[in-house]
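Undergrad: predicted coordinates and the sequence they were generated for:
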Amino acid sequence: MNWNTWLRQVHRWLSIVFTVTVIICFVALGVGLPAWVFYLPLPPLALLLFTGLYLFVLPYTSRWRRGRRAALKA
């Protein structure tokens, strides 16, 4: 599997984990669980930030590489 494909898959699964943890936080708010439960979404959110930034920059870097390759051939 390609590195970019693998990272996209990880990003998708992280979004599911993040959504589930946010739902757990809302349930915990209604039940009255301890306050540390509200920190559960932060690790998946941080990972989503890094994978999302990489996926955001990916088209720009590939365009930049194509331009460099074309300049080297000319």
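TA: That came through fine. Residues are numbered from 1 along each chain as shown.

Undergrad: in which helix or strand would I find the residue nearest to the spatial centre of the chain?
TA: Ranked by distance to the mean C-alpha position of the chain (C-alpha atoms, centre = their mean), the top residue is residue 48 at 2.4 Å. If you go by DSSP states H and E, residue 48 is part of helix 42-73.

Undergrad: in that helix, which residues are buried?
TA: 44, 47-48, 51 (16 or more other C-beta atoms under 10 Å). For the C-beta atoms, the positions are set from N, CA and C on the backbone; glycine is no exception.

Undergrad: and if you look at stretch 2-15?
TA: 11, 14-15.

Undergrad: and those, which is closest to residue 40?
TA: For the buried residues of stretch 2-15, the closest approach to residue 40 (C-beta to C-beta) belongs to residue 14, at 13.4 Å.

Undergrad: from residue 6, how far off is that closest one?
TA: With distances taken as C-beta to C-beta, to the nearest Å, residue 14 is found 13 Å from residue 6.

Undergrad: perfect, I'm done here.
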